[in-house]
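Visitor: Below is the sequence, then the predicted model.
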Amino acid sequence: MVTPLYNKCLRCNFEKLFKQKGYAYFTKGAYNLNIIGVRKNNNNQVTNLFDDYLIVIYKTPNGMEHRNIYSITTEPGLYYMTNSSGNKKGTAILVPGQYRGCWEIGKHKGKYTALCQKKPVKVYRDGNYDKVYNMKPETIQEGVFGINIHRSNEYGVSTQINKWSAGCQVFSDVRDYNAFMYLCKNQADRYGNNFTYTLIKEEDLI
């Protein structure tokens, strides 16, 4: 579905934005992926919808630049926002920022191929279990928490997040996910099994 946020992601000059933020932006070589999450501004309300986007900007071997845009969630689903995920400090919500080389191709929960966290990232901890995302700086933790980039159901499209995310970045459509992992495998073959992910907010888009 084409949404206002989708159109913003389509038009945004991410190279310029990354330069302003002091982030790395990859332009050299085929399949040197810029993997970017954009978190929709919902006034911190839990929509339980896959209403964020993951953008992959890259060049193919012929030098042509491509921009793929996929529906994802960058936030936990309603289940884990209203129930404990096992961490006493609360449910994890990834803090916006650029995380260099923090993921690798592995097995999500030992089951299927995904981008799995291997280096520390920052998360907010929301421990009051209501329908509002509390992103308070004083709750930030840094570590390896299993914040993976993976799919929801293996057969089609999921419309509700529910248990699909306890803080992971999760695709709604398995076809989009398979296309994304194809690109990741091409990158790994050329540059090694290290992936950078950059999460920004809707209001950052230029």
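Guide: Sure, I can see it. Numbering: from 1, shown residues only.
Visitor: Please make it C-alpha for all contacts and neighbour counts, starting now.
Guide: Noted.
Visitor: which residue ranges form the strands in the protein?
Guide: Taking DSSP state E as the criterion, the chain carries its strands at 34-39, 52-59, 65-73, 91-94, 97-108, 112-117, 121-126, 141-143, 149-151, 169-171, 195-201.
Visitor: Determine which of the ones you listed approaches residue 80 most closely.
Guide: Checking the strands of the chain against residue 80 by Cα to Cα gives strand 91-94 as the closest, at 6.6 Å.
Visitor: Test my guess that residue 144 contacts residue 120.
Guide: Yes - using Cα atoms under 8 Å, residue 144 is in contact with residue 120, at 4.7 Å.
Visitor: Neighbour count: the two, which is higher?
Guide: Neighbours per residue (other Cα atoms under 10 Å) separate residue 144 from residue 120, with residue 120 holding more: 18 against 14.
Visitor: count of neighbours near the residue nearest to the more buried one when sequence neighbours are not counted?
Guide: The shortest distance from residue 120 to any non-neighbouring residue, by Cα to Cα, 6 or more residues apart in numbering, is to residue 143 (4.1 Å). The local packing of residue 143 (other Cα under 10 Å) involves 13 other residues.
Visitor: Show me which helix runs longest in this protein.
Guide: In the chain, taking DSSP state H as the definition, the longest helix is helix 174-191.
Visitor: where's the residue nearest the centre of the chain relative to residue 15, distance?
Guide: When Cα atoms, centre = their mean is applied to the chain, the residue found nearest the centroid is residue 169 (4.0 Å). According to Cα to Cα, to the nearest Å, residue 169 and residue 15 sit 22 Å apart.
Visitor: farthest residue from the center of the chain?
Guide: In the chain, counting by Cα atoms, centre = their mean, residue 62 sits farthest out from the average C-alpha position, at 27.5 Å.
Visitor: Would you list the phi and psi of that one?
Guide: Main-chain dihedrals, residue 62, degrees, to the nearest 10: phi -80, psi 0.
Visitor: if we can go back for a sec, and the longest helix of the chain with strand 34-39, angle?
Guide: 140 degrees (axes from the mean of the first three to the mean of the last three Cα atoms, to 10 degrees).
Visitor: Can you report how many residues neighbour residue 100?
Guide: Counted with other Cα under 10 Å, residues neighbouring residue 100 total 16.
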